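*Asks:* predicted structure and sequence below. I'll ask about it afterward.
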Amino acid sequence: MDAIKLLTQDHQAVRELLNQLAESSTRATKKRTELLSEIAIQLKAHTTIEEEIFYPAFKAAGEKSDDATMYFEALEEHRAAGDLVLPDLLGTPTDSEKFSGRAKVLKELVTHHADEEEKSMFKRAKQLMDAAELKELGNKMEARKAELLEQFEAEASAGT
């Protein structure tokens, strides 16, 4: 599968999970817990394949300082969502209003990041790399994602 198609599908799946989480009530603690677990697994797998495979290929193919700026900005957005907001959310009681607020912030961060990638970085990647390169990247990313999902789901199961 083409790398950009794979990443875009990931974005759509996580957006849907985040929408469900944002629409949940403070009484839906089981649903919130399940959704949050799935979001954490999907985000971790997605950001890992981007950082290990897609971003380095994009940076290597990049020709302009704008390309490097996009690369570093994307990494920082991952850090903000994955290292700051998501861990706080995971440690927040699901029946609290604080949880609702943090879930909304995570949704906004992820949505902004995905929109930006789709409008700028992916468009630029199509200019920098040909279809065969994007397909090869996509195949590597798909295989790595399958490994990561298996690992993260096993870790999540062991933790419960």
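*Replies:* Looks like it came in fine.
*Asks:* okay, CA-based contacts and neighbour counts for the rest of this
*Replies:* Noted.
*Asks:* and the residue nearest to residue 86 when sequence neighbours are not counted, what does it touch?
*Replies:* Nearest non-adjacent residue to residue 86, counting by Cα to Cα, 6 or more residues apart in numbering: residue 106, 6.8 Å away. Residues in contact with residue 106, defined by Cα atoms under 8 Å, 6 or more residues apart in numbering, are 81, 85-86.
*Asks:* ok, of the residues you listed, which one's closest to residue 149?
*Replies:* Using Cα to Cα, the shortest approach to residue 149 within the contacts of residue 106 belongs to residue 86, at 17.5 Å.
*Asks:* ok so, going back, the residue nearest to residue 86 is in what secondary structure piece?
*Replies:* helix 97-116 (DSSP states H and E).
*Asks:* average pLDDT for that helix?
*Replies:* For helix 97-116, the mean pLDDT works out to 95.
*Asks:* just stretch 121-139 next, same as before
*Replies:* Here the average pLDDT along stretch 121-139 is 97.
*Asks:* stretch 52-61 now?
*Replies:* Stretch 52-61 comes out at a mean pLDDT of 96.
*Asks:* give the buried residues for it.
*Replies:* 53-55, 57-59 (16 or more other Cα atoms under 10 Å).
*Asks:* so what's residue 44 up against?
*Replies:* residue 82.
*Asks:* quick revisit: what comes up buried for the helix holding residue 106?
*Replies:* 99-100, 102-107, 109-111, 113-114.
*Asks:* going by distance to residue 123, which of these wins?
*Replies:* residue 114 (12.6 Å).
*Asks:* quickly note the distance from the nearest residue to the closest one once chain neighbours are set aside to residue 53.
*Replies:* Distance criterion Cα to Cα, 6+ apart; nearest residue to residue 114, sequence neighbours excluded, is residue 11 at 6.1 Å. Using Cα to Cα, to the nearest Å, residue 11 is found at 17 Å from residue 53.
*Asks:* and for residue 144?
*Replies:* Distance from residue 144 to residue 53, by Cα to Cα: 9 Å.
*Asks:* now residue 80
*Replies:* Distance from residue 80 to residue 53, by Cα to Cα: 20 Å.
*Asks:* which element is the one residue sitting closest to the centre of the chain on?
*Replies:* What sits nearest the mean C-alpha location of the chain, by Cα atoms, centre = their mean, is residue 43, with 3.9 Å. Using DSSP H and E, residue 43 maps to helix 29-49.
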